[in-house]
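Chemist: Dropping the sequence and predicted coords here.
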Amino acid sequence: MKYMINWNERPQGSAIEYENVQKRILEIFQHWEIPSEAKVHAFVVRVGEWGGSLLLEADDPLVVHKACSTFPAFQFDVRQVVDIQDAVRVEMEAIKWRDELPS
């Protein structure tokens, strides 16, 4: 299964609290490794923002849950996704089946 994981930093308190959270996030990230049971297709940060996107493939949804749980300073939006060619194929099958129904 493929997952599109988007994240933004949670709103913080004062400017100094925000700076401290930034340091902690980077400290944790320096030690974090992509899970061995996952394949990363894209891992990007949005320019000028404190957020990004990760396209990750994993058979076990708990791999995704654990990755998100590692960074509590972020708000995550996780969506299961499929490749466009697969989506179009099954959509065409559904349309064909629907068109064959008696009126």
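Modeler: All right, it came through fine.

Chemist: So which residues of this structure form helices?
Modeler: Under the criterion DSSP state H, helices of the chain are mapped to 15-31, 61-69, 84-99.

Chemist: among those, which is nearest N6?
Modeler: Taking CB to CB as the criterion, N6 comes closest to helix 61-69 out of the helices of the chain, the separation being 10.9 Å. In this view, the C-beta of every residue, glycine as well, is placed from N, C-alpha and C.

Chemist: what sits up against the closest one?
Modeler: Contact partners of helix 61-69, identified using CB atoms under 8 Å, 6 or more residues apart in numbering, comprise 1, 3, 5, 35, 37-38, 56, 58, 74, 76, 78.

Chemist: circling back to that earlier point, how about a markdown table for the helices of the chain, with mean neighbour count, mean pLDDT and distance to F43 added?
Modeler: Below are those laid out as a markdown table (neighbours: other CB atoms under 10 Å; pLDDT from 0 to 100; distance: least, CB to CB, whole Å):
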| stretch | mean neighbour count | mean pLDDT | distance to F43 |
| --- | --- | --- | --- |
| helix 15-31 | 11 | 91 | 11 |
| helix 61-69 | 15 | 96 | 11 |
| helix 84-99 | 9 | 97 | 20 |
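
Chemist: Serialize these to CSV and add fields for distance to G51.
Modeler: Conversion of these to CSV gives the following (distance: least, CB to CB, whole Å):
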stretch, distance to G51
helix 15-31, 11
helix 61-69, 13
helix 84-99, 24
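
Chemist: what's the closest of the ones you listed to V47?
Modeler: Ranked by CB to CB, the member of those that lies closest to V47 is helix 15-31, at 16.6 Å.

Chemist: So which other helices or strands are in contact with the closest one?
Modeler: Judged by 3 or more CB pairs under 8 Å, 6 or more residues apart in numbering; DSSP states H and E, helix 15-31 has no packing partners among the helices and strands.

Chemist: Output that helix as PDB, nothing but the C-alphas.
Modeler: The C-alpha coordinates for helix 15-31 follow below in PDB (Å, rounded to 0.1, in the frame of the first residue of the first chain):
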ATOM      1  CA  ALA A  15       8.900  32.600  19.600                       C
ATOM      2  CA  ILE A  16      11.500  31.000  21.900                       C
ATOM      3  CA  GLU A  17       9.300  28.000  22.400                       C
ATOM      4  CA  TYR A  18       9.000  27.700  18.700                       C
ATOM      5  CA  GLU A  19      12.700  27.900  18.200                       C
ATOM      6  CA  ASN A  20      13.200  25.200  20.900                       C
ATOM      7  CA  VAL A  21      10.700  22.900  19.100                       C
ATOM      8  CA  GLN A  22      12.600  23.400  15.900                       C
ATOM      9  CA  LYS A  23      15.800  22.300  17.500                       C
ATOM     10  CA  ARG A  24      14.200  19.300  19.000                       C
ATOM     11  CA  ILE A  25      12.600  18.200  15.700                       C
ATOM     12  CA  LEU A  26      16.000  18.400  14.000                       C
ATOM     13  CA  GLU A  27      17.600  16.500  16.900                       C
ATOM     14  CA  ILE A  28      15.100  13.700  16.600                       C
ATOM     15  CA  PHE A  29      15.300  13.700  12.800                       C
ATOM     16  CA  GLN A  30      19.100  13.300  12.800                       C
ATOM     17  CA  HIS A  31      18.600   9.900  14.600                       C
END
